[in-house]
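Asker: Provided below for reference: sequence and predicted model.
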Amino acid sequence: MRLESERLILRKLEEADVDRMFLMDSDPEVMKYLGTPVKNIEESREIIRMIQKQYKENGVGRLAVIEKKSGLFIGWSGLKLLTIPVNGYVNTLDLGYRYIPEFWGKGYAMEAAKLSLDYGFNELNTDAVYAYADSGNTGSNHILRKLGFEKNGEFMESGVLCFWYELKREKYSGIL
């Protein structure tokens, strides 16, 4: 699987991404709303293996985001199949993303998310994509609303209030 825009390439995660993945996931600022930062590179290696397993078992999973200009892994984005219930939903597609801070504020999250949504609606033929974010994560909540997601619930995860979003096929306007 490979998705491409003017500035980005989204492709399956590879073992070679481990150093940049560790750089991202060990950063307390990146993990502020996501949990505990990873402590060693082996944890990042295991995350990559887990996502690679999702590709095989579910046909989808988060994708490495590569900045074309630099050729660097700058984060991950994409759809994954929720195989365990989140807010009561299971066997639905979830949009997620995470980036190295130096690449925040450049529009990459929107650009990559649009590629993923286009893939989900047009290639996977899904009727809806879901997403959720910590209620305090104003950046992620803003991106989801800007993409057209509608907040249709709230739930607690590990003692944290999260907002639950849905984007239905008929509301998706496609890649702009």
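Answerer: Sure, I can see it. Numbering: from 1, shown residues only.

Asker: quick one: residue 160 from residue 135, how far?
Answerer: Between residue 160 and residue 135 the computed distance is 8 Å (Cβ to Cβ, to the nearest Å). Just so you know, the C-beta spots here come from the backbone N, C-alpha and C atoms, and that holds for glycine as well.

Asker: Same check on residue 51?
Answerer: Taking Cβ to Cβ, one finds residue 51 at 26 Å from residue 135.

Asker: Name the residue in those two with the higher neighbour count.
Answerer: Taking neighbours as other Cβ atoms under 10 Å, residue 51 and residue 135 compare with residue 51 leading, 20 against 14.

Asker: Check which helix or strand the more buried one maps to.
Answerer: helix 41-58 (DSSP states H and E).

Asker: List the contacts of that helix.
Answerer: Contacts to helix 41-58, defined as Cβ atoms under 8 Å, 6 or more residues apart in numbering, come from residues 1, 12-15, 17-19, 21-22, 25-26, 38, 60-62, 76, 80-81, 83.

Asker: Just the buried residues of those.
Answerer: 12-13, 17-18, 21-22, 25-26, 38, 60-62, 76, 80-81 (16 or more other Cβ atoms under 10 Å).

Asker: For burial, what's the neighbour tally of residue 165?
Answerer: 23.

Asker: Then it would be within a strand, right?
Answerer: Yes: under DSSP: H, G, I helix; E, B strand; the rest coil, residue 165 falls within a strand.

Asker: Over to the closest residue to it other than its chain neighbours: give its phi and psi.
Answerer: Among residues not flanking residue 165 along the chain, residue 149 sits closest, at 3.8 Å (Cβ to Cβ, 6 or more residues apart in numbering). Residue 149 adopts backbone torsions of phi -70, psi 140, taken as degrees, to the nearest 10.

Asker: check contacts around residue 149.
Answerer: If you count contacts by Cβ under 8 Å, 6+ apart, residue 149 has them with 131, 165-167.

Asker: redo that, cut-off 10 Å
Answerer: 95, 113, 117, 129-133, 141, 143, 163-168, 171-172 (Cβ atoms under 10 Å, 6 or more residues apart in numbering).
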